[in-house]
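[1] Everything below, folded, please.
(one chain, ligands or ions: 1)
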Amino acid sequence: MEIKYRQFDLKNEDFAGITALFEATYGEIDRFKKRYRWQYFDHPQSGLNRILVADHEGRIAGASSHLPFPLLVDGRRLEAFYASDSMVHPDYRRRGIMETLTRLNAESLPVIYAKGTNPGMYRLRLKFGFREVAPNNYMFCMLAPIAWLAAKMKIHRKQPAFIDGLRAKKLEARPVNRFGDEFDEFWAEISSKYPGISIRDKSYMNWRYLSHPFKKYRPVYIIENGRLVSLFVARGEGYSAYVVDILWDCENKDEPSKTIRIIKQYLKKSGFNKIYFWATLKALRLAMKRNGFIELRDTPKFTVFGPADRIGRLADGGNIHFVDGDCDSEYL
Ligand SMILES: CC(C)(COP(=O)(O)OP(=O)(O)OC[C@H]1O[C@@H](n2cnc3c(N)ncnc32)[C@H](O)[C@@H]1OP(=O)(O)O)[C@@H](O)C(=O)NCCC(=O)NCCS
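    Take a look at the predicted model:
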């Protein structure tokens, strides 16, 4: 069987070939149909998106996508990518197609990060030389134990709903309807203070958190004395809240504890019982623990592949601020 490996032409090729492969692989297609336009075409750097496909006589037998994931590590910009939508048609499995796609991507992309939603794919990546990013497990905080018990016992309670905002003395938590220049100014002030962080700007934030076709996020600015001092992004699922992004000024000694306390207050007032929060940066995890979070065993199986002399640094999650909002497993 002759398989040709080539880049899918996102500008001119009919996307139906990828959609058909997705349907054959996963069965469920509705969410993908809603998501793919947003992910591949509306992304602010969509020109950098790529899909490597395994083509068998014009039929797409396998595919592996990569989206731009630029990082700032030790003060240097790094053009990393993250893997998404890795799939091989059931008729073509166990012939090494995914191994070949992984190898070709690893040879052509400078650095690849991936979250492994499937054990087979995770195994394949580790076998290939991907390194696990650590720490890599979820953190959890019980906000309202009695309310949690009531929900467990199916005692009817109002569904949570994000409140409009919070005000306390000189502080205000204000929902963001659109990220503007104030975000870019804030980013310019804080980004270089992190040992490592994924690079964002207002267009990325608007795309990522305010235009997803079916995931609803609530971005919130923390304003102190009229100045933007930190922000977070949350998503609700039943009585659970997921904190998927957070930014603060690393030089402020009260942070990130101060922002974590506001997040807890905001989410509790919104009616949530518990918080899940995935983040790797050591300082942030310590602050979470000081503020009532515990570590869970679950991990999104976050891995990285890159040059041998840098992979240790790139896998050191304790020194790079990664959040759930990065990469795809959160928005699939
Ligand atoms: C996971 C998935 C992408 C693997 O694709 P694949 O092309 O079958 O993968 P490969 O053939 O490269 O490797 C799979 C296994 O076949 C083995 N293999 C490779 N070539 C082989 C051959 N010629 N003969 C027999 N076995 C072979 C590999 O060693 C590997 O073994 P392992 O699972 O014991 O480690 C595919 O099963 C899939 O699409 N699954 C559903 C979608 C999914 O979960 N995607 C991942 C989302 S993170």
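[2] and residue 259, what does it touch?
    Contacts for residue 259 were tallied using Cβ atoms under 8 Å, 6 or more residues apart in numbering; they are 222, 230, 232, 246, 248. Placement of C-beta: from N, CA and C, glycine included.
[3] again, but for residue 97
    3, 54, 61, 62, 88.
[4] Quickly note the distance from it to the ligand.
    Going from residue 97 to the ligand by Cβ to the nearest ligand atom, to the nearest Å gives 4 Å.
[5] so which strand or helix has the closest residue to that residue other than its chain neighbours?
    Nearest non-adjacent residue to residue 97, counting by Cβ to Cβ, 6 or more residues apart in numbering: residue 62, 4.2 Å away. Secondary structure assignment for residue 62, by DSSP states H and E: strand 59-68.
[6] strand partners of that strand, parallel vs antiparallel please.
    Sheet pairing here is set by DSSP bridges, and for strand 59-68 it gives strand 50-56 (antiparallel), strand 80-88 (antiparallel).
[7] to the chain's geometric centre, what's the distance from that strand?
    19 Å (Cα atoms, centre = their mean, to the nearest Å).
[8] following it, which helix or strand shows up next?
    strand 71-73.
[9] and that following strand, what other elements does it pack with?
    Where contact means 3 or more Cβ pairs under 8 Å, 6 or more residues apart in numbering; DSSP states H and E, strand 71-73 is packed against strand 76-78, strand 196-198.
[10] residue in the stretch 151-300 of the chain nearest to the ligand?
    The minimum distance from the stretch 151-300 of the chain to the ligand, using Cβ to the nearest ligand atom, falls at residue 300 (10.4 Å).
[11] Using the three-state scheme, assign that residue.
    coil (DSSP: H, G, I helix; E, B strand; the rest coil).
[12] separation between it and residue 290?
    Distance, residue 300 to residue 290, by Cβ to Cβ, to the nearest Å: 24 Å.
[13] How about residues contacting stretch 34-50?
    With contact meaning Cβ under 8 Å, 6+ apart, stretch 34-50 is reached by 7-8, 10, 15, 18-19, 51, 65-68, 81, 84, 201, 203-204, 207, 211-214, 328, 331-332.
[14] before we move on, what about stretch 216-236?
    160, 162, 165, 170-176, 179, 182-183, 185-186, 205, 209-210, 215, 241-249, 252, 255-256, 258-259, 262-263, 266-267, 270, 272, 325.
[15] Alpha carbons of it, as CSV, please.
    Taking Å, rounded to 0.1, in the frame of the first residue of the first chain, the C-alpha atoms of stretch 216-236 are listed here in CSV:
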residue,chain,number,x,y,z
LYS,A,216,-18.2,29.4,27.2
TYR,A,217,-15.5,31.2,29.2
ARG,A,218,-15.6,34.0,31.7
PRO,A,219,-12.5,36.2,31.5
VAL,A,220,-12.2,38.6,34.5
TYR,A,221,-9.8,41.5,35.0
ILE,A,222,-8.7,42.4,38.5
ILE,A,223,-8.5,46.2,38.8
GLU,A,224,-6.8,47.9,41.7
ASN,A,225,-6.8,51.7,42.0
GLY,A,226,-8.0,51.9,38.4
ARG,A,227,-5.0,49.7,37.1
LEU,A,228,-5.2,46.2,35.6
VAL,A,229,-3.2,44.1,38.1
SER,A,230,-4.1,40.5,37.2
LEU,A,231,-6.6,38.4,35.3
PHE,A,232,-8.1,35.0,35.2
VAL,A,233,-10.4,33.0,32.9
ALA,A,234,-12.9,30.4,34.2
ARG,A,235,-15.3,28.0,32.7
GLY,A,236,-18.3,26.3,34.4
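[16] about what we covered before: which of residue 300 and residue 290 has more neighbours?
    When neighbours are counted by other Cβ atoms under 10 Å, residue 300 comes out ahead of the other of residue 300 and residue 290, with 19 against 11.
[17] how about the residues of the stretch 151-300 of the chain that lie near the ligand?
    Proximity of the stretch 151-300 of the chain to the ligand, by Cβ under 6 Å from any ligand atom, involves no residues.
[18] where does the stretch 151-300 of the chain have low pLDDT?
    156 (pLDDT under 70).
[19] Would you map the strands across it?
    With strands called from DSSP state E, counting those that start in this stretch, the stretch 151-300 of the chain shows them at 166-168, 171-175, 196-198, 218-224, 227-237, 240-248, 274-277, 294-295.
[20] any chance of these in a markdown table, with mean neighbour count too?
    As requested, the strands of the stretch 151-300 of the chain are exported to a markdown table (neighbours: other Cβ atoms under 10 Å):
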| stretch | mean neighbour count |
| --- | --- |
| strand 166-168 | 12 |
| strand 171-175 | 17 |
| strand 196-198 | 23 |
| strand 218-224 | 21 |
| strand 227-237 | 20 |
| strand 240-248 | 24 |
| strand 274-277 | 21 |
| strand 294-295 | 12 |
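[21] closest point of the stretch 101-250 of the chain to the ligand, which residue?
    As assessed by Cβ to the nearest ligand atom, the ligand sits closest to residue 118 within the stretch 101-250 of the chain, at 3.1 Å.
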